[in-house]
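> got a predicted structure plus its sequence, pasted below:
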Amino acid sequence: MNKYLKLLLIFALLLLCSLLFAWQQLAEKHQQTGGSVVIPQGASSHRVASLLEQRNIIDSAWLFRLAARLSGTATQIKAGEYAFSGDMSVRDVLNKLVAGDVKMHRLTIPEGLRSQEVLQLLADHSQIPLVRWQAALQLLLEGKEEEGRLLPETYTYNMPIHPTAILMSMIRAQTKILAAIKPESDEKIRIMASIIEKETSLDQERVLVSAAIHNRLRLGMPLQMDPTVIYGIWKRDGVFSGNIRRKDLKENTPWNTYTNKGLPPTAICNPGSASLYAAANPADVDYLYFVADGSGGHAFAATLAEHQSNVRKWVRFERKKRKSPNE
């Protein structure tokens, strides 16, 4: 046999063995220890392979590139954050990236936060500067009032984080609820709901607080609700001490419902869905007053005399609590 032909056959045999070995390595599974990696937008298969090798997701960047080339998926890898666990082969890893099976994150926004507090929470969670979140919200609202437009809820998202997309989902979530409620004025409902949110955390009380607000507005009475006073102080000074004083009730900020009749000019926080529904659907009661009852709820009253009696009960409860040896 011609020596060149022999060499060619040997080379072919070696190549076949190499391919068979590589194929075996591509299918061999390795235990993943829960590692994760972020694939940047537009990253090449070479870049992706290097990232995976650096994070010990795969043993060989060369094998990963070979798998991507043989499967024709080198340009189909999707950006995002991926988590790897369990027994996975190189082909399993590649398939996960091609399918875009990204790691999902969850973030819960509590009810009753001011918009700036929501943005700060998002900035802290995402490590994206607060100014970028502020700019994104201003861009989306196009100069509209920002307070009260973000629906508190649990949101899921994937990396990389896009502030505009997340904030838009929060705005649209509230818009969807308001569309279902069909109020005469979205802004009026936002403002009422924000006061309800700050006045009570008990679902069964929301419609009662709402009734008190509606009844007072109908009769032309000032709302006289402390959270509006607190918001006005924060809006003016940027801080609030945590204790509301008698003189604070007389400070005539636009949000002080002791010195101004009607609703404040803006919402005072971001209300949850329950408060939005309650604002649009007050209970059919004639309550005008309410005060803390000492058990985490409120005592409601339709007359001033009844309210004053409830206040006296609350004062006695507070005095007794301060004298208790367990305190």
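On my side now, so go ahead.
> give the contact list for G100.
Going by CB atoms under 8 Å, 6 or more residues apart in numbering, G100 touches 78, 80. Placement of C-beta: from N, CA and C, glycine included.
> now it, what are its backbone angles?
phi 70, psi 30 (degrees, to the nearest 10).
> low pLDDT regions in the stretch 101-250 of the chain?
For the stretch 101-250 of the chain, applying pLDDT under 70 flags no range at all.
> all helices for it, in order.
115-126, 130-141, 163-181, 186-199, 203-219, 226-237, 246-250 (DSSP state H, counting those that start in this stretch).
> show me the protein divided up by domain.
Domain assignment for the chain by automatic domain parsing gives 29-102, 105-181, 186-323.
> gap between the residue nearest the centre of the chain and V93?
Centroid-nearest residue in the chain, with CA atoms, centre = their mean: I109, separated by 4.0 Å. According to CB to CB, to the nearest Å, I109 stands 34 Å off from V93.
> also P40?
The value you get for P40 to V93, if CB to CB is used, is 17 Å.
> which one's more surrounded, the two?
Shown here are P40 and V93; by other CB atoms under 10 Å, V93 has more neighbours (22 against 11).
> where's the more buried one, which helix or strand?
helix 90-99 (DSSP states H and E).
> contacts for that helix?
Residues contacting helix 90-99 (CB under 8 Å, 6+ apart): 25-29, 39, 48, 52, 57-58, 60, 63-64, 67-68, 71, 73, 76-78, 82, 84, 88.
> what does stretch 196-215 give?
Residues from elsewhere that reach stretch 196-215 (CB under 8 Å, 6+ apart): 111-112, 192, 195, 223, 225, 227, 268-272, 274-275, 277-279, 281-290, 296-298, 300.
> again, 6 Å this time
111-112, 192, 227, 269, 271, 274-275, 278-279, 282-283, 285, 287-288, 290, 297-298, 300 (CB atoms under 6 Å, 6 or more residues apart in numbering).
> of those residues, which belong to helices?
The members of these that map onto helices under DSSP state H are 192, 227, 274-275, 278-279.
> show me which pair in the residues you listed is furthest apart.
Pairwise distances across the ones in helices among the contacts of stretch 196-215 (CB to CB) peak at 16.5 Å, for the pair P227 and A274.
> which one of the two is surrounded by more residues?
Just comparing P227 and A274: by other CB under 10 Å the higher neighbour count belongs to P227, 20 against 17.
> quick one: the closest residue to that one other than its chain neighbours from G72, how far?
Once flanking residues are discounted, P227 sits nearest to K198: 3.5 Å by CB to CB, 6 or more residues apart in numbering. Computed as CB to CB, the K198 to G72 distance reads 58 Å.
> between these two, which one's more packed in?
Using other CB under 10 Å, the more surrounded residue of K198 and G72 is K198, with 21 against 8.
> can you tell me how far the more buried one sits from V93?
49 Å.
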